[in-house]
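Colleague: My questions are about this predicted structure, shown below with the sequence.
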Amino acid sequence: ATPTGEQATTTPVAERFLLTSKTPYQPQQDWHSYSAAPAGFTAVGLQHVARHGSRFLSSKGDDILMLELLALAAAEQGLTARGEQLAELVQRLHQAHQPDKYGEISALGVQEQQQMAQRLLARLPGLFEQAIAQQLRIEVLHSGRERADQSGDAFVAGLTAELPALVPLLDAARADEATLYFYKAEGSEDFERYRESDPRLMRVMKQLEADPARQDAALAMLSRLFSPAFLSRLQQGEIELTLPDDDDAIRNPLDAANVLFSLYSIASNLTLEGPFDFADILLDEHLLPLAELDDADSFYGRGPAFAGDDITYRLAGRLVADMLDKAEQPNGYVASIRFTHAQVLMPLAAFLGIAGASEPLPENVLYRYQNSPWRSGRVAPMSANVQWEVYRNAEGLTLIRMLHHEQETAFAAHCQPVAGSRYFYSSSELRRCLLF
Ligand SMILES: O=P(O)(O)O[C@H]1[C@H](OP(=O)(O)O)[C@@H](OP(=O)(O)O)[C@H](O)[C@@H](O)[C@H]1OP(=O)(O)O
């Protein structure tokens, strides 16, 4: 997959971010190729925010529902040989989550975070040596949820394995819901209302689910696994599988296909616990319409969404203000490192105006892969991150260079970099162009 854009026709389907928001992390640029800071400026700080690393299923559910559907089919001799292969695979995937790995980061997730920390030290060695010499501290913040806290631990382990002298400089990790869980914290009532009942959102999601091509892909996917007799029972609404404390359910072929898509995509995060290989079971051409639906759900639910309305990303302004304040007033800290969720990294990228992550759609244009560059696999893969390197000169001017998944990235077009540079912005310009 190309970090900047996607050749719609030449990129193999498998590279079209089929794993959507479950895409494991890859750094998008080698730091050796980063542009040099303007003359007279040295790195003095880092403001970092990352999604947690690759993980297990966020909660029990999709595994249980699929096991129940497969058992129901098996009891009616309604499984094909491939369906029996799937049943064995899903059983192993379920077992890998026991006794309670739901919501935790996986071994791959630990690796992603540790290696990101090691690349940070490799690209800014002077910054951390200076911090040790001047006893500057590192603030560690997370959303309050386990996988975010675990990711902070992995990142910190990556730092201290290389530089043990950092250990006494690290604050104890603490939750900061206002900036790292804002979509659920107080003040998020308008956003909650949008998610639950906005008529535009309800309309577009209903349209996308009803799309005949998507319905056909779901049926084609399932017809490789279940007998025609069982599938028609599912189509007639004779099968209803629900969960006690979760609104996920299987009532029709699209529900079943979406549950299968969720298991297929999370398997990519569990390669070190697995392997859980869906290659013989699912075809990319059936997965693509489901990935598009999942991306649409994220685009409208926590991405740029509808042109002229910032309801889905307005609250990210709290985090941007926190990052900017701490970049300008370090108060004895060299870095703030933050660990959160896709529900923060998606709106943050929209708020910052990052190209490919911030283009909304007019209400009368439905999200499709053909008419939007937005892909959750590109905007918020696992371990997605925004890093602001803070530079200062002898006059005390503060510049910020942004990295998005470790790629040099411009802020919104209406933010002006300093003369003669593409990626370095004064903090006062960013305050003007982002927060006013
Ligand atoms: O895909 P599921 O249903 O697990 O959705 C998760 C979110 O995962 P994502 O869809 O973003 O890949 C999860 O975000 P994460 O960054 O923590 O992985 C979120 O915390 C969780 O609540 C689910 O989101 P939802 O919107 O509540 O379904």
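Modeller: Received it, and whenever you're ready, just let me know what you need.

Colleague: For the protein, list the residues in contact with the ligand, please.
Modeller: Remark: the part of the chain in contact with the ligand comprises 21, 22, 51, 58, 262, 341, 342, 343, using CB under 6 Å from any ligand atom. To be clear about C-beta, it is placed using only N, CA and C from the backbone, and glycine gets the same treatment.

Colleague: got TSV for those, with neighbour count and pLDDT too?
Modeller: Below are those laid out as TSV (neighbours: other CB atoms under 10 Å; pLDDT from 0 to 100):
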residue	neighbour count	pLDDT
21	26	98
22	24	98
51	31	98
58	15	97
262	22	98
341	23	98
342	21	98
343	23	97
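
Colleague: So for residue 3, what's the pLDDT?
Modeller: Here the pLDDT value assigned to residue 3 is 38.

Colleague: Residue 434: what's its closest spatial neighbour, skipping adjacent residues?
Modeller: Spatial nearest neighbour of residue 434, chain neighbours left out: residue 320 (5.7 Å); criterion: CB to CB, 6 or more residues apart in numbering.

Colleague: That should have said residue 294, apologies.
Modeller: Take residue 294 and drop its neighbours on the chain: the residue closest to it by CB to CB, 6+ apart is residue 20, 4.5 Å away.

Colleague: which ones are touching the one you found?
Modeller: When contacts are counted by CB atoms under 8 Å, 6 or more residues apart in numbering, residue 20 is found next to 265, 291, 294, 295, 298, 375, 376, 377.

Colleague: Recalculate using a threshold of 7 Å.
Modeller: Applying CB atoms under 7 Å, 6 or more residues apart in numbering to residue 20 gives the contacts 265, 291, 294, 295, 376, 377.

Colleague: Next secondary structure after the one helix or strand the fourth one maps to?
Modeller: Assigned by DSSP states H and E, residue 295 falls within helix 284-302. In the C-terminal direction, the helix or strand that comes right after helix 284-302 (DSSP H and E) is helix 316-328.

Colleague: CA atoms only for that following helix, dumped as PDB, please.
Modeller: Presented in PDB, the C-alpha positions along helix 316-328 are these (Å, rounded to 0.1, in the frame of the first residue of the first chain):
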ATOM      1  CA  ALA A 316     -10.100  16.700  19.400                       C
ATOM      2  CA  GLY A 317      -9.400  20.500  19.900                       C
ATOM      3  CA  ARG A 318      -8.900  19.700  23.600                       C
ATOM      4  CA  LEU A 319      -6.000  17.300  22.800                       C
ATOM      5  CA  VAL A 320      -4.500  19.800  20.300                       C
ATOM      6  CA  ALA A 321      -4.600  22.600  22.800                       C
ATOM      7  CA  ASP A 322      -2.900  20.300  25.400                       C
ATOM      8  CA  MET A 323      -0.200  19.300  23.000                       C
ATOM      9  CA  LEU A 324       0.400  23.000  22.000                       C
ATOM     10  CA  ASP A 325       0.400  24.300  25.500                       C
ATOM     11  CA  LYS A 326       3.000  21.600  26.600                       C
ATOM     12  CA  ALA A 327       5.100  22.300  23.500                       C
ATOM     13  CA  GLU A 328       5.300  25.900  24.400                       C
END
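
Colleague: what's the angle from it to helix 284-302?
Modeller: Computed by axes from the mean of the first three to the mean of the last three CA atoms, to 10 degrees, the angle separating helix 316-328 from helix 284-302 equals 80 degrees.

Colleague: The closest residue to the ligand within the stretch 101-250 of the chain: how many residues sit nearby?
Modeller: Distance from the ligand to each residue of the stretch 101-250 of the chain (CB to the nearest ligand atom) is smallest for residue 147, at 6.3 Å. When counting by other CB atoms under 10 Å, one arrives at 26 neighbours for residue 147.

Colleague: residue contacts, the residue nearest to residue 287 when sequence neighbours are not counted?
Modeller: Distances taken as CB to CB, 6+ apart place residue 18 nearest to residue 287, at 5.2 Å, with adjacent residues excluded. By CB under 7 Å, 6+ apart, the contact list for residue 18 reads 284, 287, 288, 291.

Colleague: Which pLDDT does the model give the residue nearest to residue 294?
Modeller: pLDDT, the model's per-residue confidence, is 98 for residue 20.

Colleague: Against the ligand, how distant is the residue nearest to residue 287?
Modeller: According to CB to the nearest ligand atom, to the nearest Å, residue 18 stands 14 Å off from the ligand.

Colleague: Does that residue belong to a helix, a strand or coil?
Modeller: Under DSSP: H, G, I helix; E, B strand; the rest coil, the three-state class of residue 18 is coil.

Colleague: what do you get for residue 187?
Modeller: Classification of residue 187 using three-state DSSP returns coil.

Colleague: Neighbours of it, how many?
Modeller: With neighbours defined by other CB under 10 Å, the count for residue 187 comes to 11.

Colleague: so who does the closest residue to it other than its chain neighbours touch?
Modeller: On the basis of CB to CB, 6+ apart, the spatially nearest residue to residue 187 that is not a chain neighbour turns out to be residue 315, at 7.0 Å. In this structure, residue 315 makes contact with 182, 183, 188, 191, 347, judged by CB under 7 Å, 6+ apart.

Colleague: confidence score at residue 315?
Modeller: According to the model, residue 315 carries a pLDDT of 97.

Colleague: picking that back up, closest one of the contacts of residue 18 to the ligand?
Modeller: Top of the list for closeness to the ligand, among those and by CB to the nearest ligand atom, is residue 291 at 12.0 Å.

Colleague: confidence score at the closest one?
Modeller: Reading off the per-residue confidence, residue 291 sits at a pLDDT of 98.

Colleague: Residue 246 too?
Modeller: With respect to pLDDT, residue 246 scores 85.

Colleague: hang on, isn't it packed against residue 58?
Modeller: No. Under the criterion of CB atoms under 7 Å, residue 246 makes no contact with residue 58, lying 10.8 Å away.

Colleague: Got the confidence number for the closest residue to residue 308 other than its chain neighbours?
Modeller: If the residues on either side of it in the chain are set aside, residue 308 comes closest to residue 360, at 7.6 Å by CB to CB, 6+ apart. What the model reports as pLDDT for residue 360 is 98.

Colleague: pretty sure residue 360 contacts residue 307?
Modeller: Yes. Residue 360 is in contact with residue 307 according to CB under 7 Å; the separation is 4.2 Å.

Colleague: All set, thanks.
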